[in-house]
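*Asks:* what would the 3D arrangement of this be:
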Amino acid sequence: EVQLVESGGDLVQAGGSLRLSCAASGFTFDDHSIGWFRQAPGKEREGVSCIIISDGSTDYADLVKGRFTISSDNAKSTVYLHMDKLKPEDTAVYYCAADCGPGSHLEYWGQGTQVTVSS
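*Replies:* Residues are numbered from 1 along each chain as shown. Sure thing, here's the model as predicted:
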């Protein structure tokens, strides 16, 4: 059974940092692309970032470029999202999902982790 489990969400002040983790199991980690998505109350879910595990290539939404960094630890089958310079508008439930790469299908989702940024 494929599982994606997020952790690391918290309440943080604007300008602060957080690191989210997405632990994957049940599939061959290197064969997949894993991304982060977020959904704020009353808004549609939006893509944040994606990493192709096999070659480490990454992609970011314009809203987070320069502030967020996605990375993977293949030995731990875990993808991280390091978030700096957080803004109140970054407040959302953050989900990790696979697969997010070009031409892929988002088949697997985690349960989400809440990030709240206070002003």
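*Asks:* residue 71 and residue 57 touch, don't they?
*Replies:* No. Here residue 71 lies out of contact with residue 57, judged by C-beta atoms under 8 Å, at a distance of 11.9 Å. Where you see a C-beta, it was placed from the backbone N, CA and C, and this is true even at glycine.
*Asks:* joint contacts of those two?
*Replies:* residue 51 (C-beta atoms under 8 Å, 6 or more residues apart in numbering).
*Asks:* model confidence over the helix or strand harbouring residue 48, on average?
*Replies:* Here residue 48 sits within strand 46-52, counting by DSSP states H and E. Strand 46-52 comes out with an average pLDDT of 98.
*Asks:* centre of the chain versus that strand, how much separation?
*Replies:* 7 Å (C-alpha atoms, centre = their mean, to the nearest Å).
*Asks:* note down every partner strand of it and its orientation.
*Replies:* Partners of strand 46-52 in the sheet, by DSSP bridges, are strand 33-39 (antiparallel), strand 58-60 (antiparallel).
*Asks:* list the buried residues for the first one?
*Replies:* Using 16 or more other C-beta atoms under 10 Å as the test for burial, strand 33-39 gives 33-38.
*Asks:* across the sheet, point out what pairs with the closest residue to residue 111 other than its chain neighbours.
*Replies:* Nearest residue to residue 111, sequence neighbours excluded (C-beta to C-beta, 6 or more residues apart in numbering): residue 6, at 6.7 Å. On the basis of DSSP bridges, residue 6 is bridged to residue 22.
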